[in-house]
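> build me a structure from this.
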Amino acid sequence: MKHVLVLIGLLALILEGSLKMAHPFMMTVPAEYFEQPERSTFLLTVILAFGVGQAIIPLVLKQIDVSIRMISMIIAFGLLDKWLFSSMGYILALGLGLLLARLIKKSWVGYLLLGIGVFIVAVPLLILFFSSETFMDAAKFQEIVSLYRSHDYLSYVTHSLMTDYTVIIATALFIITPLLLIDFSSMKYRVLPGIVLFSAGTILKTLMTQTESVLAFSILAMIGGLLQGIALYLILRGTAKLAVVPAIIISSLMMMLAFTALGIGDYKNLAVEVVLMRGVVIFVVAVIIYFVFQRKMHANNSNILYNEEQT
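Numbering: from 1, shown residues only. You can find the predicted model right below:
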């Protein structure tokens, strides 16, 4: 049971990444990008998965004492992951969040950052842009479609080098760092607050169907996913090892190959069910990688402890 939470986090992260890698719905009105019956499947996946993995992964890593050297390696691998495989750069955000949490070490700062992120940044932006309409830049849309349907890997890397840093910094500062700093173990009752938070997050996400703004859609997904992720952590508990990092990086490579012309993908033309099916296959491979790396790390730590005892 201790692995259930990290598996849910990996699945949610991969399904979200798969849909974003396979279709340019974030450049239009996201909730109206797909036609029925695909729209219902897409929205159900959004409500259950989007933002959840970003919250669960730092929560299951809370108990690990990560050295500055290891954090530096995670940031370095995160940069390579963002530039070479996935422009979303979640591993980079995770590394930055681990670094900030390591330097701050104050629970109250976690509450402060979370409050600033939600009430000073997210809510005002949501109020301002919820009723706004997204006007698609046709030229930019076609440029992205052409990029992901081409075999030009250098252009893919160049695009990844120049995009999404604002989202990465916001995720690291207002989601990952607070979740690493806040102590949830002191809560005496967990199930009822967990049910309330999960319900609130789900209800909040349903509002995404009422907005034509990409920014409002993204904010609702992040806040709703944050509430759902915390809820699942309160109910299920669970911990993970740093083996989750190589598992996510390799899943990024697999998503790039599965959904773009750099591999076997047909960008923009894959049915939602096919995207989700491929995402599940990637998840199974990522789980195998996670357990293999976890066992290897455990064996290495045991050898180190044994050698120290002998000396």
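> C-alpha only now, for contacts and for neighbours.
Fine.
> ok, now which ones touch residue 279?
14-15, 18, 255 (Cα atoms under 8 Å, 6 or more residues apart in numbering).
> do the same with residue 85
Listed by Cα under 8 Å, 6+ apart, the contact set of residue 85 reads 157, 252-253, 256.
> check what pLDDT it gets.
For residue 85, the pLDDT comes out at 91.
> same question, residue 304
pLDDT for residue 304: 47.
> pick out the residue nearest the middle of the protein.
Most central in the chain under Cα atoms, centre = their mean is residue 54, positioned 3.6 Å from the mean C-alpha point.
> that residue in helix, strand or coil?
What DSSP: H, G, I helix; E, B strand; the rest coil gives for residue 54 is helix.
> do you know how far it is from residue 106?
Distance of residue 54 to residue 106, given as Cα to Cα, to the nearest Å: 21 Å.
> so where is this protein shaky, pLDDT-wise?
1, 298-311 (pLDDT under 70).
> mind redoing it with 80?
Within the chain, the ranges that satisfy pLDDT under 80 run 1-2, 87, 133-137, 185-189, 297-311.
> export the helix or strand that contains residue 220 to PDB, keeping only CA atoms.
Per DSSP states H and E: residue 220 is located in helix 214-236. Presented in PDB, the C-alpha positions along helix 214-236 are these (Å, rounded to 0.1, in the frame of the first residue of the first chain):
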ATOM      1  CA  VAL A 214      -6.200  29.200 -21.300                       C
ATOM      2  CA  LEU A 215      -4.700  31.000 -18.300                       C
ATOM      3  CA  ALA A 216      -7.900  30.500 -16.200                       C
ATOM      4  CA  PHE A 217      -8.000  26.800 -17.400                       C
ATOM      5  CA  SER A 218      -4.400  26.300 -16.300                       C
ATOM      6  CA  ILE A 219      -4.900  28.000 -12.900                       C
ATOM      7  CA  LEU A 220      -8.000  26.000 -12.100                       C
ATOM      8  CA  ALA A 221      -6.200  22.800 -13.100                       C
ATOM      9  CA  MET A 222      -3.200  23.700 -10.800                       C
ATOM     10  CA  ILE A 223      -5.300  24.700  -7.800                       C
ATOM     11  CA  GLY A 224      -7.800  21.900  -8.200                       C
ATOM     12  CA  GLY A 225      -5.000  19.400  -8.700                       C
ATOM     13  CA  LEU A 226      -3.200  20.700  -5.700                       C
ATOM     14  CA  LEU A 227      -6.200  20.200  -3.500                       C
ATOM     15  CA  GLN A 228      -6.800  16.700  -4.900                       C
ATOM     16  CA  GLY A 229      -3.100  15.800  -4.400                       C
ATOM     17  CA  ILE A 230      -3.100  16.900  -0.800                       C
ATOM     18  CA  ALA A 231      -6.300  15.000  -0.200                       C
ATOM     19  CA  LEU A 232      -4.900  11.800  -1.600                       C
ATOM     20  CA  TYR A 233      -1.800  12.200   0.500                       C
ATOM     21  CA  LEU A 234      -3.900  12.700   3.700                       C
ATOM     22  CA  ILE A 235      -6.000   9.600   3.000                       C
ATOM     23  CA  LEU A 236      -3.400   7.200   1.600                       C
END
